[in-house]
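Peer 1: Okay, sequence plus prediction incoming.
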Amino acid sequence: MNKFKLPLLDFISSKYKVQLDRILLIASQHILESQRIMFEYFIDKGLKPGNIFLIGKCYSTNREILKKFKKMGIYVSSKSESFDPYLSFDEQFDDYTKELLEYVKKKTKLKEYDKVIILEDGGSLLSHATKIFKEKFNLIGIEQTSAGYERLKNVKLAFPIINVARSHAKLEIEPSIIADVCVERLNKSLIKLRLKPKNVLILGLGAVGNAIYDKIKNNYSVKRYDLNSGLSDYEKESLKSILGQFDMIIGCTGKEVINVLLYKYLKKGVILVSVSSSDREFSAVNFRKMVNGIKNCHEDINVNDVHLLNCGFPINFDGAEDSAPAKKIQLTLALLFSAVCLATRENYQSGLVDLNNEIQKEIIEKFNSF
């Protein structure tokens, strides 16, 4: 039995009497200890390590945990740590996910499995699977991020995808957990760099943006900017007209908001902080191209008196073994575990599928009882 116990995952394991021995799992996940624990639970349910194909992202991959995954007998893409500072991460990762899917297609006979589950963080694997895998009768996806949901929502999907990303359980609880970690890591970076910002702009007032605002509003003079004027402190002002007012800008949109055309409007000494996905918030690759010799995706760089923290990647991922304590992030892990169990036993129509409401309520109740 799994020696790494998390109460919520124990609950899911006891609730769903499924066997995963005839399942193939292809996953894009953070290669961190909390995720590794989740994979231990999958294996306890009968999933064979040799039937797992995993790819991580350089900014959320810990080398020691990667070694542990490999020791478990799981195939881990060699590109999980790859980082070219002079290319956008999305461009690189798209190629890596295509490569992984082609490898799986070559090494396995997909039709021999009861289900082929794609467990996804960001939508890249799921987007390419439609084109690369010809047989889709046993294919089912699980998407856990809002960025992935945005990528998939307007695509004609040839197989079902369980939409964990927009589940009310995830949106209700996870943002505060992420915000706590982001603010903690941000404070450490500011102390290390001896920076003392006063005026702060938050870009994007979704669940995480609002949670960040609640965490820092008493420590800084904070303004909020969102394309939805009902969420913003600005009604008609353009972004470029206000950028020069701020010592620190926190990007929470999951999209490219500040591109090269807007760099000239930034205040001298401004600090740019991403709390979303990838390195797209500030078109970070264009800053990195102005710096020679970047080797680590967690470097803080200074370009023309602009401080780009963590090379433009999310501040909550700093190379540590976990981005958040496993006991807190277990809610997300439990949602993913339940989605895997449901994917194994249920037959859904093609397209985005809401995660079962009953299990969401039970997970929230259990989480709040700890």
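Peer 2: Cool, got the structure.

Peer 1: Please make it C-alpha for all contacts and neighbour counts, starting now.
Peer 2: Will do.

Peer 1: Contact partners for Ser274?
Peer 2: 250-252, 281, 309, 312-315 (C-alpha atoms under 8 Å, 6 or more residues apart in numbering).

Peer 1: how about these in TSV, adding pLDDT, distance to Ile37 and neighbour count?
Peer 2: Listed next are the contacts of Ser274 as TSV, based on pLDDT from 0 to 100; distance: C-alpha to C-alpha, whole Å; neighbours: other C-alpha atoms under 10 Å:
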residue	pLDDT	distance to Ile37	neighbour count
Ile250	98	31	23
Gly251	98	30	28
Cys252	96	28	25
Glu281	96	30	26
Leu309	98	29	23
Gly312	98	28	31
Phe313	98	24	29
Pro314	98	22	24
Ile315	98	23	25
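
Peer 1: Can you name the two of the residues you listed that sit furthest apart?
Peer 2: Using C-alpha to C-alpha, those reach their maximum pairwise distance at Cys252 and Leu309, which is 14.2 Å.

Peer 1: mind listing what's buried in the top helix by length along the chain?
Peer 2: Ranked by number of residues, the top helix in the chain under DSSP state H is helix 168-193. Across helix 168-193, burial judged by 16 or more other C-alpha atoms under 10 Å covers 168-171, 173-176, 178-183, 185-186, 189.

Peer 1: try stretch 69-81
Peer 2: 69, 74-77, 79-81.

Peer 1: Report the backbone C-alpha coordinates of that stretch in PDB.
Peer 2: C-alpha atoms of stretch 69-81 as PDB (Å, rounded to 0.1, in the frame of the first residue of the first chain):
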ATOM      1  CA  PHE A  69       9.300   9.200 -10.800                       C
ATOM      2  CA  LYS A  70      11.800   7.300 -12.900                       C
ATOM      3  CA  LYS A  71      12.600   4.900 -10.100                       C
ATOM      4  CA  MET A  72       8.900   4.100  -9.800                       C
ATOM      5  CA  GLY A  73       9.100   2.700 -13.400                       C
ATOM      6  CA  ILE A  74       7.300   5.600 -15.000                       C
ATOM      7  CA  TYR A  75       8.400   7.000 -18.400                       C
ATOM      8  CA  VAL A  76       9.300  10.600 -18.000                       C
ATOM      9  CA  SER A  77      10.100  12.700 -21.100                       C
ATOM     10  CA  SER A  78      13.700  13.900 -21.300                       C
ATOM     11  CA  LYS A  79      12.300  17.300 -22.200                       C
ATOM     12  CA  SER A  80      10.700  17.800 -18.800                       C
ATOM     13  CA  GLU A  81      13.700  20.000 -17.700                       C
END
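
Peer 1: Okay, helices next: where are they in the stretch 1-150 of the chain?
Peer 2: Taking DSSP state H, counting those that start in this stretch as the test, the helices found in the stretch 1-150 of the chain are 7-15, 33-44, 63-71, 89-107, 124-132, 146-152.
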